[in-house]
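In: test case, fold it:
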Amino acid sequence: MKNRCFRWSGHHPWLTRVTKGEALFPIGKRAGLLALLLLALPSWAAPSSLSQQLTDGLRADAETALGEYLRQQGWPETRADYQVWLSPAVAHLPACRQAVRFQAGGQYRQPWGRRPYLVECTEPAWQLRARVEVTLMLPVWVAARDIPKGHVIAPEDLLEKSLDASRLQRGFTHSSQPLAGSKSLRHLRMGQLVGELDLQQAWAVRAGEGVLIRAGQPGFSATTRGTALSNGAIGEGVRVRNLGSGKEIQAWVVDKGEVETRF
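Out: Numbers count the residues shown, from 1 in each chain. Take a look at the predicted model:
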């Protein structure tokens, strides 16, 4: 029997069998052939609903963890890339009838880089290994020139550079944190990351000292006195005690001896 091939005809809406003498298939037979062709496709041609569900869940969990960390640090929201890997065993698992649990493995200080996960279902009971690769570009401070030990940092001593956070092998400082006025504790080479331990902060607020607390909302503002419970540079968050209410609150340093609350 001669080999035969199939193609879509550019001039006719029906599937055409190409042989030495062309013959046309009616629409009913065309539908049957299409069904056979789809059945012949490998299983990975279209992801299973469970696979897509787990992929979306893992991405959402990693995205939530990163968002919470950025808010805790007081850093602005930054776009990240998420690559999800699932064990091939997912193709043989039944759908979960309960909420799937996503548990990040290990103790992570920062929620980026390679994050292993254990995915667990209780009904029916099964577990699956997974991984999420989180790529985050962070704007950080690097030394714009050689900075000698004991030097008081000026704005021209620093350069903002966007780097992959997962590849940073030493301490760094986010560029949202002002460093001018700090004193270098060691020699820093040009292009070197500037970490918190490299500098002696120029504290605008010191633990035990009195501070002015500013509180404001649209159409309303007020001030009161308080006591700082920790040291803080401008832009940093500190704990302060409101002298009027005696309550301990979180505030951010805005000037020397002044902090503000944020709602």
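
In: distance from the chain centre to the strand ranked longest in the chain, please.
Out: Of all segments of type strand in the chain, defined using DSSP state E, the longest is strand 125-143. Offset of strand 125-143 from its chain centre (CA atoms, centre = their mean, to the nearest Å): 7 Å.

In: also stretch 252-263?
Out: When C-alpha coordinates are averaged (CA atoms, centre = their mean), stretch 252-263 and its chain have centres 27 Å apart.

In: report the buried residues of that stretch.
Out: 252-253, 258-261 (16 or more other CB atoms under 10 Å). Backbone N, C-alpha and C define where each C-beta goes, glycine included.

In: can you redo those as JSON lines, where the extra columns are distance to Pro111?
Out: Formatted as JSON lines, the buried residues of stretch 252-263 follow (distance: CB to CB, whole Å):
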{"residue": "Trp252", "distance to Pro111": "23"}
{"residue": "Val253", "distance to Pro111": "26"}
{"residue": "Glu258", "distance to Pro111": "32"}
{"residue": "Val259", "distance to Pro111": "28"}
{"residue": "Glu260", "distance to Pro111": "28"}
{"residue": "Thr261", "distance to Pro111": "27"}
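
In: narrow these to those in strands?
Out: Using DSSP E, these in strands are 252-253, 258-260.

In: which two in those are spaced the farthest apart?
Out: The most widely separated members of those are Trp252 and Glu258, with 10.0 Å between them, by CB to CB.

In: give me the most central residue, the protein.
Out: Leu66 (4.2 Å; CA atoms, centre = their mean).

In: what about the nearest residue to that residue once chain neighbours are set aside, how many residues nearby?
Out: Spatially, and ignoring its direct neighbours in sequence, Leu66 is nearest to Pro111 (4.7 Å; CB to CB, 6 or more residues apart in numbering). When neighbours are counted by other CB atoms under 10 Å, Pro111 registers 22.

In: okay, and Pro111 sits in which element?
Out: If you go by DSSP states H and E, Pro111 is not part of any helix or strand.

In: for it, give me its contacts.
Out: 62, 65-66, 69, 104, 134 (CB atoms under 8 Å, 6 or more residues apart in numbering).

In: how about Gly216?
Out: By CB under 8 Å, 6+ apart, the contact set of Gly216 is 222, 260.
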